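[1] What follows is a predicted protein model with its sequence.
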Amino acid sequence: MYQILVADSINAEGLEPLLGLKEAEIIQKKTNDPEVNLDQIDALLVRSATKVTEKLLNQMPSLKIIARAGVGVDNIDVPAATKKGIIVINAPDGNTISTAEHTFAMMASLLRNIPQAHSSVKNKEWKRNAFIGTELYGKRLGIVGMGRIGSEIAKRAKVFGMNVNVFDPFLTKERAAKLGVESSTLDELLVAADIITVHTPLTPETKGIINEEALKKTKKGVYLLNCARGGIIDEQDLATYVGNGHVGGVALDVFETEPPGEHPLLKYENVIVTPHLGASTKEAQLNVATQVAKEVRYFFEDLPVSNSINLPAISKDIFEKIQPFHQISKQIGYILSQCVKEGVHELSITYSGSVTNLETSYLTKAMLSGFFKNRIDVNVNEVNALLTAKERGITVGEKISTDAFGYDNCITVSAKGEENAFTVRGTFIDHYGPRIVYLNGFNIDFLPEGNLLYIQHMDRPGVIGHVGQILGDQGINIATMQVGRKQAGGEAIMVLAFDKPLNDHALASLEKLDEIVSINSINL
Ligand SMILES: NC(=O)c1ccc[n+]([C@@H]2O[C@H](COP(=O)([O-])OP(=O)(O)OC[C@H]3O[C@@H](n4cnc5c(N)ncnc54)[C@H](O)[C@@H]3O)[C@@H](O)[C@H]2O)c1
Ligand SMILES: O=C(O)[C@H](O)COP(=O)(O)O
C-alpha cells in the first residue's frame, strides 16, 4: 500500500488521478503531525509552505517521490533528495497565467494607488487629489527572467502600449525578436526601465540580483515588483531606497520569510503587498494539483514522468522502446556487481547496433543502479546513479561502437577493479527476450534471470558430470545449463540455473572439485 502524504493545501479535485492508483492511501496532514508515520511515506506532495529539508528527508527512508504542486522548488533540498535517489517533480506551467495576471494586477494597482485609495474610501474619505497615478502606456518595463511568466507579462505589456526590455542570459535573440522585446544587459535594463519586475527562480545567482549596487543605477522614481521569490530583490537594500525616496513604489507578493512579520518595507505607504497569491486562483490550483497527481500516479505505475527536476524527461513512446534495454542494462550491472568481488574504479559501457538510436545515458544509469544494488547501503536509481559513482571514485565511460557481434544490438560493460577486469555483454532479441552472450572472455548464451551459478573451470572430461553428481546428491535440481569455452582443453565456463538459491554446503562441495577455477552465485 503506497502512503501518499499531502502536506500542504492542494486542490482536492486535482488530486483525483491519485484515487485511480490501486493500493494507495492519501493522508492529508502536516509533516510534523504526530499521527503521521514519516518513515512509511512513499510520496510527499507540497506547495511552498512545507520546507523539505535534509533533516526531514532523513526521517523518510521510504520516500520515493516529492511532488511540488507549483513551480518553485526552492523549499525543497533537491541535492539531498537526489543523493537519496528521490525523484523531485513540479508542475511547471499550471500557474503561469495566474501569476502573470497577478503581477499585472499588482503593477496597475501600484501605479494607480488602488490599494491605498480603496482603504481611504472604506474609511469614509474621498481624497481624489491624493491618489494621482501614472499611466502604464508608453512606459518602459524591465523584465528580469524571461521564462514562462516573464514572457506572458511581456505579451500583456505590449498590449498596454509599453516598451519592454528584458534581461535573461538564457534567452536567444530569435525568441526575443519573436516576443517583440529588446534583449538587454542587466545594467542597460536598470538604467532604462521605469518599472522593473523579476521572474527568475531563486538561485545563488539570482539571490540579491537587485541589490544596493543595482538600485543606485535605476531611474529616480522607479517602480519595482517581486512576484517571484523573496530575496531576488534584496529587501534591506530596497527598504533603504524606498526610505530615501529614490524608489517610487514597490509591489511584493513574496518575502524572504513568509509571513514577513515586522518588516522594514511594510511601513511605507507606497509599498503594496499580497500574501504570496500569484498562483492562488481556482484554475491554477486545479491545474497544478492535476499535473502532479497524474505524474505521481505514472511514477507508481512505472510509467515515465515528464516534469522531473532531477531526472531527464523521457516520452512514453521512447520509454516503451527503451524498457527492454533498461532491464538488461540493470541485469548486466547486477551480474558484474556479484562477479567482481573487489573494489571497482572504472565501469565502461559500449553500446552497439540498434540500441545506439536510444537515450543511452538512461541505460547507463540503469546499469549503475544494478551494479550498486546490494553493494552499497543506498537505494541507487536513475536519479542518483551518476552522483553515487562519482562519490565512490568510479569513472563511468560511455562509448558507441558499430560492431554488434552479429546481434541486432549489444550492451557491453567492463568493470576494472584493483587486480582484475570483468566484462559482460548482453543483447535483447525481439520475441525472445534478454540474453547474456559474453561473460569474462567467453561466448555463452543464457537468460539473466533467477538463481544462477557461474563456474569457471578447466575443460576436462567429466567436469560437468562431477558438478551434476554433487548437486544431485544434495537433491538440487538444475533447471538449465549453458557452457562455453575458448579452446578445447583450456579454460571453460558453465552457467547453471536453479529453481531456488544454492545453499552454502553445495557451494563448498563444488569448490573442492579439482577442475574448478572459480564459482560465483548470481541472484537476479
Ligand atoms: N508568486 C507566485 O505565486 C509564483 C507563482 C509561480 C512562480 N513563481 C516564481 O516565479 C519563478 C519563475 O517562474 P517561471 O514559470 O517563469 O519559470 P521559468 O523557468 O519558465 O523562467 C525562469 C527564467 O529565469 C531565467 N533566469 C535564470 N537565471 C537567471 C539569471 N541569473 N538572470 C536572469 N534570468 C535568469 C531563466 O533563463 C528562465 O527563462 C519561479 O521560479 C517561482 O519561484 C511565483
Ligand atoms: O512557485 C510557485 O509555484 C508559486 O510560488 C506558488 O506557490 P504556492 O503553491 O505556495 O502558492
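    Cool, the structure landed. Ligands and ions are numbered 1, 2, ... in the order given.
[2] can you tell me how far the closest residue in space to Glu13 that isn't next to it in sequence sits from Gly94?
    In space, Glu13 comes closest to Leu286 once its chain neighbours are excluded; the distance is 6.1 Å by Cβ to Cβ, 6 or more residues apart in numbering. From N, CA and C alone the C-beta is placed, and that goes for glycine too. Going from Leu286 to Gly94 by Cβ to Cβ, to the nearest Å gives 8 Å.
[3] Same question for Phe405.
    From Phe405 over to Gly94 (counting by Cβ to Cβ), the distance is 48 Å.
[4] Between these two, which is the more surrounded one?
    Counting neighbours by other Cβ atoms under 10 Å for Phe405 and for Gly94 shows that Gly94 has the greater number, 24 against 14.
[5] can you list the residues of the protein near ligand 2?
    Counting by Cβ under 6 Å from any ligand atom, the residues of the chain close to ligand 2 are 47-48, 70-72, 95, 276, 278-280.
[6] Turn those into TSV, including distance to Ala479, neighbour count and pLDDT.
    Output for the residues of the chain next to ligand 2, formatted as TSV (distance: Cβ to Cβ, whole Å; neighbours: other Cβ atoms under 10 Å; pLDDT from 0 to 100):
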residue	distance to Ala479	neighbour count	pLDDT
Arg47	53	22	97
Ser48	55	20	95
Gly70	52	27	97
Val71	53	24	96
Gly72	54	17	95
Asn95	56	25	97
His276	61	20	98
Gly278	61	24	98
Ala279	57	25	98
Ser280	61	17	98
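[7] OK, contacts around Ala80?
    53-54, 57 (Cβ atoms under 8 Å, 6 or more residues apart in numbering).
[8] could you list every residue that touches Asp504?
    By Cβ under 8 Å, 6+ apart, Asp504 has no neighbours at all.
[9] And the residue in the stretch 101-250 of the chain that ligand 1 sits nearest to, how close does it get to Asp514?
    Going by Cβ to the nearest ligand atom, ligand 1 is nearest to Gly147 of the stretch 101-250 of the chain, at 1.7 Å. Distance, Gly147 to Asp514, using Cβ to Cβ: 70 Å.
[10] Between those two, which is the more surrounded one?
    Gly147 (19 against 9).
[11] Is the nearest residue to Ala7 once chain neighbours are set aside in a helix, a strand, or coil?
    Ranked by Cβ to Cβ, 6+ apart and with sequence neighbours excluded, the top spatial neighbour of Ala7 is Thr50, at 4.5 Å. Each residue gets one of three states, and Thr50 gets coil by DSSP: H, G, I helix; E, B strand; the rest coil.
[12] burial of Thr50, as a residue count?
    Thr50 has 21 neighbouring residues, counting by other Cβ under 10 Å.
[13] Lys178 now?
    Neighbour count of Lys178, defined by other Cβ under 10 Å: 10.
[14] how about it, secondary structure?
    Using three-state DSSP, the structure places Lys178 in helix.
[15] any idea how far it is from Phe131?
    From Lys178 to Phe131 the distance is 38 Å (Cβ to Cβ).
[16] Flag every residue of the protein that's near ligand 1.
    Taking Cβ under 6 Å from any ligand atom as the criterion, the chain approaches ligand 1 at residues 71-72, 95-96, 99, 144-150, 167-170, 199-202, 205-206, 227-229, 253-254, 276, 278-279.
[17] Give me the nearest residue to the residue of the stretch 101-250 of the chain closest to ligand 1, chain neighbours excluded.
    Using Cβ to Cβ, 6+ apart, the closest residue to Gly147 is His199 (6.5 Å).
[18] picking that back up, closest one to Glu174 out of the residues of the chain next to ligand 2, please.
    For the residues of the chain next to ligand 2, the residue nearest Glu174 by Cβ to Cβ is Val71; the value is 24.3 Å.
[19] That closest one belongs to a helix?
    No. According to three-state DSSP, Val71 belongs to no helix; its state is coil.
[20] That one contacts Asn95, correct?
    Yes. Counting by Cβ atoms under 8 Å, Asn95 is a contact partner of Val71 at 6.5 Å.
[21] What residues does Ile27 make contact with?
    3-6, 36, 41.
[22] Could you check how far Glu188 is from ligand 2?
    Distance of Glu188 to ligand 2, given as Cβ to the nearest ligand atom, to the nearest Å: 28 Å.
[23] residues touching the residue of the stretch 101-250 of the chain closest to ligand 1, list them.
    Gly147 touches 168, 199-200, counting by Cβ under 8 Å, 6+ apart.
[24] Looking at neighbours, which among those is most surrounded?
    Most crowded among the contacts of Gly147, counting by other Cβ under 10 Å, is His199 at 27 neighbours.
[25] Next up, the contacts around that residue.
    By Cβ under 8 Å, 6+ apart, the contact set of His199 is 103, 143-147, 149-150, 153, 227-228.
[26] Kindly provide the distance from it to Ser361.
    Per Cβ to Cβ, His199 is found 31 Å from Ser361.
[27] any idea of the pLDDT on Asn75?
    Asn75 is assigned a predicted lDDT (pLDDT) of 96.
[28] Surely it touches Val46?
    Yes. Asn75 is within contact range of Val46, at 7.1 Å (criterion: Cβ under 8 Å).
[29] before we move on, the earlier item: please tell me how far the residue nearest to Gly147 sits from Arg148.
    8 Å.
[30] same thing with Val46?
    20 Å.
[31] who has more neighbours, those two?
    A count of neighbours by other Cβ under 10 Å puts Val46 above the other of Val46 and Arg148, at 23 against 17.
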